[in-house]
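Novice: pasting the sequence and the predicted coordinates here, then a few questions.
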Amino acid sequence: MLFSQKIIRLLIVSFFLISLCFSLGAEYVFEIKPCILCLYLRYVYVAILIIAGFFYFWPKKWIFLIKLALILAATSLSFYHLGVEQHWWEGPAVCSGESISSSKLQGLTDDEKTQQLLQHFQGKKTAQCNQVNWRIFGVSVTIWNIILLVLLSMGLGFLWGRKKISTE
């Protein structure tokens, strides 16, 4: 076997930890502000990290399936974000980055209203979800994220199908 079970699990945990560090570094070191969809994706990544940490020590099938479902959720959210960036569809109202008014708060969830109001009162402008504000080698980071998540999902599926990942 090329990699042991523990090494594969450690690589998965490392992938999401590095991804979070990369996005936080971009925000706080290079001052590239995330949009609300990017922030939502960070929450999913934290959940994946926690579940992957559990799976590292307790490789149970149900933990693996939760982790895989969260990875697929992250991929779906990233694809949705790509559609908003490319103007294939309209994103949530909080993605517009426009000024706040009571009519703009209508139809938002309580969380979205709270986020919008907090940012408005703190004087923070949110990045707009429908604009690419960060590119690597000329390609949107959203696209890079989708590519990496799809490759990771395929790799996990392949390893699980070949019984290279033990899920007792």
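Specialist: Perfect, thanks for sending it.
Novice: please, which helix or strand holds the spatially most central residue of the chain?
Specialist: The centre of the chain sits closest to residue 41, judged by CA atoms, centre = their mean, with a distance of 2.8 Å. For residue 41, the element it lies in under DSSP states H and E is helix 36-57.
Novice: so residue 37 makes contact with residue 84?
Specialist: Yes: Residue 37 is in contact with residue 84 according to CB atoms under 8 Å; the separation is 6.9 Å. Quick note: C-beta positions are derived from backbone N, CA and C, even for glycine.
Novice: need the overlap of contacts for these two.
Specialist: 91, 95, 129 (CB atoms under 8 Å, 6 or more residues apart in numbering).
Novice: out of those, which comes closest to residue 22?
Specialist: Ranked by distance to residue 22 (CB to CB), these are led by residue 129 at 19.1 Å.
Novice: doesn't the closest one lie inside a strand?
Specialist: No: looking at residue 129 with DSSP: H, G, I helix; E, B strand; the rest coil, it is coil, so not inside a strand.
Novice: show me the shaky parts of the chain.
Specialist: For the chain, the stretches flagged by pLDDT under 70 are 1-4, 96-105, 120-126, 160, 162-168.
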